[in-house]
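Q: Could you look at this predicted model? Sequence included:
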Amino acid sequence: MVTRLRLALEHAPQVVGSARRDVGEAVRAAWPALVGLEDLVDDVRLVTSELVGNAVRHGEPPVTLEVLLDDDGGRHRVVLTCHDGGPWDGSDPSPGSGRGLAIVQALCTALVIDADETHTTVVATLDR
């Protein structure tokens with residue numbers, strides 16, 4: 001089963017909480033009987049907070065969050081793609097450059113950052 005969710009977010013701090021809630025509810029709805037569900041929901045919510053918070057704090061509109069939930073092959077995969085339309089500020093986009101992204105990297109099986117002067121896209125993948 002594959003579930004997709006796309007959130008077009010305001011460029012405002014209060015969207016972090018609503019995005020975190022919406023993504024957590026989507027994971028719970030997709031896999032209500034999953035062993036370890038609450039741990040996965042906690043991790044997904046934390047990663048969502050960091051990605052959306054960074055997009056709102058450092059980026060520019062539009063801000064979107066795409067969520068892919070996929071349980072094909074016996075694994076439960078959550079892919080979060082956060083995009084903002086702001087120019088990259090020139091700082092190091094590597095996952096180790098900030099504490100928040102370091103935490104995200106520790107929770108994820110993959111973290112990819114695509115950034116330049118026109119946009120920033122961060123793709124975080126969690127597998128259980």
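A: Now that the structure is in, tell me what you want to look at.

Q: what does the longest helix anywhere in the chain rub up against?
A: Determined from DSSP state H, the single longest helix within the chain is helix 37-58. Residues from elsewhere that reach helix 37-58 (C-beta atoms under 8 Å, 6 or more residues apart in numbering): 9, 11-13, 15-16, 19-21, 23-24, 27-28, 31, 34, 63, 65, 76, 78, 80, 82-84, 86, 89, 100-101, 103-104, 107-108, 120, 122, 124, 126, 128. Where you see a C-beta, it was placed from the backbone N, CA and C, and this is true even at glycine.

Q: cool, stretch 19-28 as well?
A: In contact with stretch 19-28 (C-beta under 8 Å, 6+ apart) are residues 3, 5, 7, 9, 37, 40-41, 44-45, 48-49, 52, 65, 67, 69, 78, 80.

Q: where does the protein dip in pLDDT?
A: By pLDDT under 70, the weakly predicted segments of the chain are 88-98.

Q: A strand includes Val67, no?
A: Yes. Under DSSP: H, G, I helix; E, B strand; the rest coil, Val67 sits within a strand.

Q: what residues are up against it?
A: By C-beta under 8 Å, 6+ apart, the neighbours of Val67 are Thr3, Arg4, Leu5, Arg6, Leu7, Val23, Ala26, Val78, Val79, Leu80, Thr81.

Q: does it have beta-bridge partners, and which?
A: Beta-bridge partners for Val67, by DSSP bridges, are Leu5, Leu80.

Q: how far away is it from Arg99?
A: Distance from Val67 to Arg99, counting by C-beta to C-beta, to the nearest Å: 24 Å.

Q: Hmm, His11 is touching Glu60, no?
A: Yes. Judged on C-beta atoms under 8 Å, His11 makes contact with Glu60 at a distance of 6.9 Å.

Q: coming back round to it: which among the contacts of stretch 19-28 count as buried?
A: By neighbour count, with 16 or more other C-beta atoms under 10 Å, these hold 5, 7, 9, 37, 40-41, 44-45, 48-49, 52, 65, 67, 69, 78, 80 as buried.

Q: Quickly check those residues for the two that are furthest apart.
A: Leu9 and Leu37 (24.9 Å; C-beta to C-beta).
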